[in-house]
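# I'll drop the sequence and a predicted model, then ask my questions.
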Amino acid sequence: GESVGLHLPTLSVQEGDNSIINCAYSNSASDYFIWYKQESGKGPQFIIDIRSNMDKRQGQRVTVLLNKTVKHLSLQIAATQPGDSAVYFCAENMEGKLIFGQGTTLQVKP
Amino acid sequence: DAGITQSPRHKVTETGTPVTLRCHQTENHRYMYWYRQDPGHGLRLIHYSYGVKDTDKGEVSDGYSVSRSKTEDFLLTLESATSSQTSVYFCAISGQGAETQYFGPGTRLLVL
């Protein structure tokens, strides 16, 4: 099975609300994690990354949280907008290669 | 798309024919990767390159070969295409191994 998985295949949120997308990983030795956004018909786009020596990292409207105790990663999007509708992937650095989860679809309701 | 182009963007071919996909970058990044993306499987690594003429296999390399004769170009070849190779293929680049990877726009391949 996949070492990186997402808890929910689809997340539906109201425009303006905050979104939280979760990810679990299995390798406690992983030291680098990335979140990607993929819009329909396009390639994955880098959003934010975090190293294992950090618990939290913030970007523009996005925050990534890392809980190494339970091997859990989350992506928080503040004030979700229609343009945030996409598939979101987490990726884990495992033995020098990135391993991707299957993705969570974020749907933003107007 | 971080200075990455893929060609062709769409291709339809028949089973048993050879197919070559090209990835071209203008970032002078050392690492280049080929992935395939299929429903229910996410992104899976096919092959990667860590320098000119230096390549290695990924998770799903059977039926695929690659070549990198220049820093900017990474070619993926399906020697004899099969229907199971119908997929969307993405190229990615990275300045350092397995750090942030930047993806190209993808190639949609249909093998009939």
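Sure thing, it's come through.
# Can you list the strands that the helix or strand where A:S74 lies pairs with?
In this assignment (DSSP states H and E), A:S74 forms part of strand A:72-77. Using DSSP bridges, the strands paired with strand A:72-77 in its sheet are strand A:19-25 (antiparallel), strand A:62-67 (antiparallel).
# Buried residues, it. List them.
Buried residues in strand A:72-77, counting neighbours by 16 or more other C-beta atoms under 10 Å in any protein chain shown, are found at A:73-77. Where you see a C-beta, it was placed from the backbone N, CA and C, and this is true even at glycine.
# again with stretch B:34-49
Quick answer for stretch B:34-49 (16+ other C-beta under 10 Å): B:34-37, B:42-49.
# and the least confident of those residues?
Taking the buried residues of stretch B:34-49 together, the minimum pLDDT is found at B:G42 (82).
# which residues does it contact?
Shown in contact with B:G42 (C-beta atoms under 8 Å, 6 or more residues apart in numbering or on different chains): A:2, A:89, A:100-103.
# So what pairs up with it in the strands?
B:D38.
# Tell me the residues of chain A that contact chain B?
A:2, A:32, A:34, A:36, A:41-46, A:49, A:89, A:93, A:96-98, A:100-103 (C-beta under 8 Å from any C-beta of the partner chain).
# Any of the residues you listed buried? List them.
Among the residues of chain A next to chain B, the ones that count as buried by 16+ other C-beta under 10 Å are A:2, A:32, A:34, A:36, A:43-44, A:49, A:89, A:93, A:97-98, A:100-103.
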